[in-house]
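> Everything below, folded, please.
(one chain, ligands or ions: 1)
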Amino acid sequence: MTENQMCPSHVSSTASSILSKVGFEVYPFKIGWYNEQVQKVFALPYPEDTLAFIVISTPEMFEKAFKPFICRQACTGVRDPIDECMMHQFSLIKQEFPEGEAETIHDFELHPNRRPKVLVQTAGHVAGAAYYYQASDVKGNPWGDKKIYGVSVHPKYGGWFALRGVIIFRNVLHPDLPRKDPPDVVSTSSLRKELLDRYNNNWQDWSFRDVVPVALKYSEEQKLYFLTPPKDRKELIMKIIKQEKFI
Ligand code: B12
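A predicted model of the protein is given here:
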């Protein structure tokens, strides 16, 4: 591996070319951009110019990465099948670089005290991938002291996507990385309030995902999969795949 192979543009194009084929998007950010937003306990322990990427699964991930992963019977059954598929995809990125260069943190990884290791919504916002709408983005504090969870909205997929984790290149510093603001697609205070109300009070009906018009959403199969209780999902996906092989 030459020095050139660890340069920011090579790292960026390698990660993006592997993941975009199978329904993911990756967006670069500097660790410093993330750390300046979060409380100290959530800060990531790297120099501020360290290059990192947020990984987003688009609606196509289910058909392009998940079903083929299950078909290859690569799922061990130890974890949630989607989580296992994400671990597999992240491992493909790690393999492309010398041992220890690419560190990954999944959205589901927790410290022993149950604190999440990374706040993917904040990472997605600072990377310019998806605007993270929080109660403070709504004028006049309509909810008073009630705890309101924030939600990210993607410019193309609205709420029909997930933030899967980050990849950190501990030895790649990129002081000049250009910063892009996330598109503010829910621009009025009243629609932001509607979005946060839907996400906090009626998230099960998924209407928060359609707060803005979208280019693509989850397929019917994918919706059914995520609406199925986790304990029954493995059986469902195996059934879907068997039916497809039959046709
Ligand atoms: C714990 C957790 C839950 C908990 C608690 C929710 C919560 N938000 O705290 C529970 C179990 C309730 C939950 C439920 C759900 N969750 Co959840 N959850 C998480 C998880 C693992 C961690 C969230 C967390 O603890 N945050 C800690 C708090 C303190 O963070 P925070 O409120 O954002 O505060 C930070 C920011 O405000 C930041 N900050 C301060 N100022 C500023 C300014 C700016 C500009 C910015 C950008 C940031 C910033 O600093 C603060 C920290 O110091 C994340 C994945 C992850 N690793 O991030 C998913 C995640 C938030 N969940 C998600 C989803 C979809 C759900 C559900 C709909 C269920 C589902 N999976 O389908 C429900 C709906 C929630 C509801 N209505 O109740 C998605 C949200 C996707 C999106 N579009 O935003 C995430 C991102 C998972 C993913 N893989 O995509 N969840």
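> center of this protein, which residue is that?
For the chain, L163 is the residue whose C-alpha lies nearest the centre (CA atoms, centre = their mean; 1.3 Å).
> how near is the nearest residue to that one once chain neighbours are set aside to the ligand?
Excluding its sequence neighbours, the residue lying closest to L163 (CB to CB, 6 or more residues apart in numbering) is V120, at 3.6 Å. All C-beta spots, glycine's among them, are computed from the backbone N, C-alpha and C. Between V120 and the ligand the computed distance is 4 Å (CB to the nearest ligand atom, to the nearest Å).
> sorry, back to before: dihedrals phi and psi, the residue nearest to the centre of the chain?
For L163, the backbone dihedrals (degrees, to the nearest 10) come out as phi -100, psi 110.
> now the closest residue to T122 other than its chain neighbours, what's its secondary structure?
With CB to CB, 6+ apart as the criterion, T122 has its nearest non-adjacent residue at 5.3 Å, and that residue is Q37. With DSSP: H, G, I helix; E, B strand; the rest coil as the basis, Q37 sits in coil.
> Check which residues of the helix ranked longest in the chain are buried.
The residue-count maximum for a helix in the chain (DSSP state H) belongs to helix 230-246. By 16 or more other CB atoms under 10 Å, the buried positions in helix 230-246 come out as 233, 236-237.
> Which strands or helices does it pack on?
Under the contact criterion of 3 or more CB pairs under 8 Å, 6 or more residues apart in numbering; DSSP states H and E, helix 230-246 touches helix 67-71, helix 81-95, helix 220-227.
> avg pLDDT for the shortest one?
Which is helix 67-71. Helix 67-71 carries an average pLDDT of 90.
> now it, how far from the centre of its chain.
The chain centre lies 20 Å from the centre of helix 67-71; the measure is CA atoms, centre = their mean, to the nearest Å.
> What ranges does the chain have for its helices?
8-20, 31-35, 61, 67-71, 81-95, 120-126, 189-201, 220-227, 230-246.
> got the residues of the chain near the ligand?
Counting by CB under 6 Å from any ligand atom, the chain comes close to the ligand at 37-39, 42, 107, 116, 118-122, 125, 132, 134, 149-152, 159, 162-163, 199-200, 203.
> which of these are buried?
Judged by 16+ other CB under 10 Å, buried ones among the residues of the chain next to the ligand: 107, 118-122, 125, 132, 134, 150-152, 159, 162-163, 199-200.
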